[in-house]
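Student: Got a predicted structure here, sequence first:
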Amino acid sequence: MRKAEDARSRRASTARMTRRRLMGVALGGAAAVAGKLTEPFGAPAVLTAASGPLKLGVLLPYSKVYQQLGEDITSGMVLYFEGVGSKAGGRSIAMIREDEEIDPQVALRKGRKLIEGDNVDIIAGLVASPSALALRDLVHNSKTLLVIANAGANAVTRARRSPYIFRVSFSNWQTCYPIGKWFYDNVARSCLAGASDYAAGHEDINAFKESYLAAGGKVVAEVYPPLNNTDYGPYVAQMQKAKPEAVFVFFAGSDAARFVTQAAQYGLLKEARLAGPGFLVEEDVLPAQGRDALGAYSSLHWALTLQTPENIAFTRAYRERWKRDATVYAMQGYDTARVIVEALNATGGDTTNKARLIEAMAAVKFVSPRGPISFDPETHNVVQAMYVRQVREVGKAIHNVVFGNLGVTKDPGT
Ligand code: BEZ
């Protein structure tokens, strides 16, 4: 008990010291500019918190099953920031990175550290749905803007939405509801559904079932292996027992790489068509999956091979900068950075007037590498097109090719 109190008081005093130290840096750098601009008659300059570097807390997984997703989002953000001279609204950008660790308690602790210890202006990131849910009250109550770069938890822009939360990526419903009817019409009248056993997996399958069942489809069985899994053998055997004509599954990161490889190894992919939200066969895992993934159908809001001027420019710049192909996560990081920069440019770098910053962010819209995007003013969730893709050979490589457009999707918000 005593130890916990000591630790709390040490943390509070470190936070106060950190704040003081950072204030000093801001004062030194900005006082002259503030004086020139706002005090023509030589009165003392009033320094606002908007004048130092923009402190951006970046909370992403840098370990475990979604490590590559976190790395890719970071690379996308850095690419965009470098392209605008690392400035937003005239302020330089300082990224403070923390590992979300795919653990909501850790994400909450790191989020608190970023807000109370580092005094960040904005937080960006979050890959796993439970982390986003864990951070919701913290950012809402502390009035800290959170720009979600991946985590799809529906509630974050529905029942638990907050004016302080914007989502640039997708809601879990958005990636799976639109493909249900298409899947019934074009692939299979009955299927097995499966997912990593956590919030995003269940929300994805529920959204898919909503439209698939309404179209007349039948789900013969459901299988939910744990998140961050290594051995899919028993789960693949369970799937084979149901003799499905197709499987519609949500897995991402190293789980997706392992599931597809092992499903091929045990023969499931010879017996059933493979489909799911695009994370299953996205460019981060395709090199490991190789030919096992050929033919898989998926729905997603982007593909490496989308032939638009914006995507061609983005994928080229990304390859040049990082010497590897972009992924949907990299694109989301790139767009997250752009949303922050455009909002800050609109407020002249001011992050203290929250109402003005929220208004500026809500008004941001542009043609992204994925196509046109904007924010739903009611929910702050992204409005965007959803594509149907198939893994095909493209020259000597294997990539997702877009061959259908399911239209612009807006999360229902309830
Ligand atoms: C999620 O937890 O929301 C999620 C993680 C990886 C890919 C897609 C969604």
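Tutor: Structure's in. What do you need?
Student: Grab the nearest non-local neighbour of Leu280.
Tutor: Ranked by C-beta to C-beta, 6 or more residues apart in numbering and with sequence neighbours excluded, the top spatial neighbour of Leu280 is Ala256, at 5.0 Å. (C-beta placed from N, C-alpha, C; glycine too.)
Student: Tell me who's in contact with the spatially most central residue of the chain.
Tutor: The chain has Asn150 as the residue nearest its centroid, 1.2 Å off, counting by C-alpha atoms, centre = their mean. By C-beta atoms under 8 Å, 6 or more residues apart in numbering, the residues touching Asn150 are 69, 73, 125-127, 169, 329, 332.
Student: Next, it: phi, psi?
Tutor: Main-chain torsions, Asn150, degrees, to the nearest 10: phi -160, psi -60.
Student: That one and Ser131: what is the separation?
Tutor: Separation of Asn150 from Ser131 (C-beta to C-beta, to the nearest Å): 10 Å.
Student: filter the contacts of Asn150 down to the ones close to the ligand.
Tutor: Restricting those to those near the ligand by C-beta under 6 Å from any ligand atom leaves Val127.
Student: so which of the contacts of Asn150 is the most crowded?
Tutor: Counting neighbours by other C-beta atoms under 10 Å, Leu126 comes out on top of these with 33 neighbours.
Student: pLDDT at the closest residue to it other than its chain neighbours, what is it?
Tutor: Nearest residue to Leu126, sequence neighbours excluded (C-beta to C-beta, 6+ apart): Ala151, at 4.3 Å. Confidence at Ala151, expressed as pLDDT, is 99.
Student: Now the element after the helix or strand of the chain with the lowest mean pLDDT, going C-ward?
Tutor: When the helices and strands of the chain are compared on mean pLDDT, DSSP states H and E, helix 2-38 comes out lowest with a mean of 32. Once the chain leaves helix 2-38, the next helix or strand it forms, by DSSP states H and E, is strand 54-60.
Student: Contacts for that following strand, please.
Tutor: The contact list for strand 54-60, computed with C-beta under 8 Å, 6+ apart, reads 22, 69-70, 73-74, 77, 88-89, 91-100, 107, 110-111, 114-115, 118-127, 131, 135, 149, 340, 344, 349, 351.
Student: if we go to 6 Å?
Tutor: 70, 73, 88, 91, 93-98, 100, 110, 114, 120-126 (C-beta atoms under 6 Å, 6 or more residues apart in numbering).
Student: Next step: those restricted to strands.
Tutor: Among the contacts of strand 54-60, the residues falling in strands (DSSP state E) are 88, 91, 93-98, 122-125.
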